[in-house]
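> compute the structure for the input listed below.
(chains A and B)
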2 protein chains.
Amino acid sequence: MAPGAVASPAASRPAVQPSGGALGVIAGAGALPRLIAEACRADGRRYVVCAFEGAAPDWIAAHPHAVQPFEKPGALFAALRRAGADRVTFAGGMARPKLRPLAFDITALRLAPAILPLLKKGDDALLGGLAAVLEREGFALVAPHDAARGLLAPAGDMAARRAAPQELADVARAAALVAMIGAEDVGQGAVVSGGLCLGLETLQGTDALIDFVGRTPEALRAGGFAPVLFKGPKPGQDWRVDLPAIGPDTLRRAGEAGFAGVAVRAGGVLVLGREATAAAADAAGLFLHGWAP
Amino acid sequence: MAPGAVASPAASRPAVQPSGGALGVIAGAGALPRLIAEACRADGRRYVVCAFEGAAPDWIAAHPHAVQPFEKPGALFAALRRAGADRVTFAGGMARPKLRPLAFDITALRLAPAILPLLKKGDDALLGGLAAVLEREGFALVAPHDAARGLLAPAGDMAARRAAPQELADVARAAALVAMIGAEDVGQGAVVSGGLCLGLETLQGTDALIDFVGRTPEALRAGGFAPVLFKGPKPGQDWRVDLPAIGPDTLRRAGEAGFAGVAVRAGGVLVLGREATAAAADAAGLFLHGWAP
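Reported below is the predicted structural model:
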């Protein structure tokens, strides 16, 4: 974690202790698992990237990796042990798989009574179950942002343009709205302009939210104020997966939609490539702010 | 009010007493003021439609009417008195006017210290101030739905298709979300599908919300469930103006966006032309439900 992020909720959690073992990166979609793998390689740490058959990203070919069918967790655990892993992180979006029970290995058959009911529940319940299973197999579950330092947003301005006081007032209003809809598990983002709410994130995600706001008729925009986007985790969210994330594309898209800037909860949101994200903010003339209440 | 709407918050307010005087209808945009004027004419009640210069709808030519500049409330009050009005209702959307202080009449100059600060405040504050001014001038302020019976949504199904139990569960979830965002003065509508929130109304209004949901990628839609829209007033809202409204266009648009139906808070939402709205629901195969918790 960045030393400056003292006000973040993440700062109060114990940091992962360095271990002698390797890190298993269970790779979903998006940039996050690749960034973690590259950080491990740059730091000279041992790691192995694991992916599921039919959903394995191309980039893993450049890293130590193993690919198994989702139905054969025994093969996954064996690959992790062969690589010397004692810690595992789930990184990137993962669609809930369509299971083929006839392909289950013996480990899957043993785990099925515990895991299958969880697949019908919320993400938090599923994650808790997976953590328990992994621990019984001898692996600690760690959060992606504890697996690679520098991924969490620091506090303060990250781009050349600084957020103005009026813009920070809009950020604070948006943060209050995100806390509200987050508590109902609706979404993790809100857009405010001159005190008025122009959009709340729902199932369709942040890109759809930005595009929706971009189509707001000029007459409805508060005079002189451009919209600001805020993203933050939901209250009580299990920080070990599913933290909200932004990246260069978020800033590019917000710029095209006429936004003033993007703010994220300092210590509570992943910034996927901080330099590239700040560069995208600069290219569009936006602020990029790590907000600490 | 419809006799069946026993569970509505509106039912607990005292009904407007019949008066010997005429009703002044201050006409804003949309169908509501026209529906009230037509109801007065059909019932043989005395009325006069008042509109402001530059914002007067065409349809008022077919009714007793008077048009004054916004800056001359003295002329408005005189027109109301000439027509024998003792009650006034504000009906339909009204943009906050750009004032030309040099055109103020003597009444405007007298009222300006009380009214001008209110123009910068929220709708509820503005309305409270206008009500006080009208009362000092001898006019009672009445709610549009008390000026014409049958405008408020009744409880239960209004169209041929009845809302299914699963759809009513989605309606209840959407109603809880509307109460949440209404308390923050964000909007008055929500869309839910199979328990998942697909949209929350913000400043852009209901049409923009419906269109946004209509663009939801198929992969994100809950299997087998079509979205339902719920609209309801915000908690603590002053019921004398600004109740949410739906009409035939709402149903047509929801049908084009693939909705299962539209529900409104029974007794708390205006249905602008109930027969035409139900016919639009039937043409699109949607339910149209007055929801009472």
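> how about the helices in the stretch 51-200 of chain A?
A:73-82, A:106-115, A:123-136, A:144-147, A:165-183 (DSSP state H, counting those that start in this stretch).
> residues in the stretch 151-293 of chain A within reach of chain B, list them.
A:176-177, A:180-181, A:184, A:186-187, A:196-200, A:202-204, A:208, A:212, A:215-217, A:220 (Cβ under 8 Å from any Cβ of the partner chain). The way it works is simple: take the backbone N, C-alpha and C, and place the C-beta from them, glycine included.
> mind checking which of the residues you listed are buried?
In these, burial by neighbour count holds for A:177, A:180-181, A:186-187, A:196-200, A:202-204, A:208, A:212, A:216, counting by 16 or more other Cβ atoms under 10 Å in any protein chain shown.
> residue ranges with poor pLDDT in chain A?
Residues of chain A that meet the criterion pLDDT under 70 lie in A:1-19, A:94-98, A:119-128, A:222-223, A:237-242.
> domain assignment for it?
Following automatic domain parsing, one finds the domains of chain A at A:22-141, A:156-291.
> with respect to B:F139, which of the ones you listed lies nearest?
domain A:156-291 (31.4 Å; Cβ to Cβ).
> how long is the closest one end to end?
6 Å (Cα to Cα, to the nearest Å).
> surely A:A276 touches A:G247?
Yes - counting by Cβ atoms under 8 Å, A:G247 is a contact partner of A:A276 at 7.3 Å.
> which of these two has more neighbours?
With neighbours defined as other Cβ atoms under 10 Å in any protein chain shown, A:A276 and A:G247 compare such that A:G247 has more, 19 against 15.
> okay, the more buried one and chain B: tell me how far apart.
With distances taken as Cβ to the nearest Cβ, to the nearest Å, A:G247 is found 20 Å from chain B.
> state whether that residue and A:V271 are indeed in contact, as I suppose.
Yes - the criterion here is Cβ under 8 Å, and A:G247 meets it with A:V271 at 7.2 Å.
> okay, and the common contacts of the two?
A:T277 (Cβ atoms under 8 Å, 6 or more residues apart in numbering or on different chains).
> now for A:D211: which residues touch it?
Here A:D211 is in contact with A:R253, A:A257 (Cβ under 8 Å, 6+ apart).
> cutoff 7 Å now
A:A257 (Cβ atoms under 7 Å, 6 or more residues apart in numbering or on different chains).
> now the angle from the host helix or strand of it to helix B:206-214?
Per DSSP states H and E: A:D211 is located in helix A:206-214. Here the directions of helix A:206-214 and helix B:206-214 differ by 150 degrees (axes from the mean of the first three to the mean of the last three Cα atoms, to 10 degrees).
> and the next element down the chain from helix A:206-214?
strand A:228-231.
> what strands line up against that following strand, and which way round?
strand A:189-193 (antiparallel), strand A:261-265 (parallel) (DSSP bridges).
> so which residues make contact with the helix or strand following the last one?
Proceeding C-terminally, strand A:261-265 gives way to strand A:270-271 as the next helix or strand, assigned by DSSP H and E. By Cβ under 7 Å, 6+ apart, the surrounding residues in contact with strand A:270-271 are A:L32, A:H145, A:L151, A:L152, A:A153, A:L243, A:A245, A:I246, A:T277.
> contact partners for the second one?
Residues in contact with A:H145 (Cβ under 7 Å, 6+ apart) are A:L151, A:L152, A:L243, A:L270.
> ok, how many other residues are close to the nearest residue to A:A103 once chain neighbours are set aside?
Of all residues not flanking A:A103 in the chain, A:E71 sits nearest, at 4.1 Å (Cβ to Cβ, 6 or more residues apart in numbering or on different chains). By other Cβ under 10 Å, 21 other residues sit near A:E71.
> can you add distance to B:D170 and give the domains of chain A back as a markdown table?
Shown next, in a markdown table, are the domains of chain A (distance: least, Cβ to Cβ, whole Å):
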| stretch | distance to B:D170 |
| --- | --- |
| domain A:22-141 | 18 |
| domain A:156-291 | 13 |
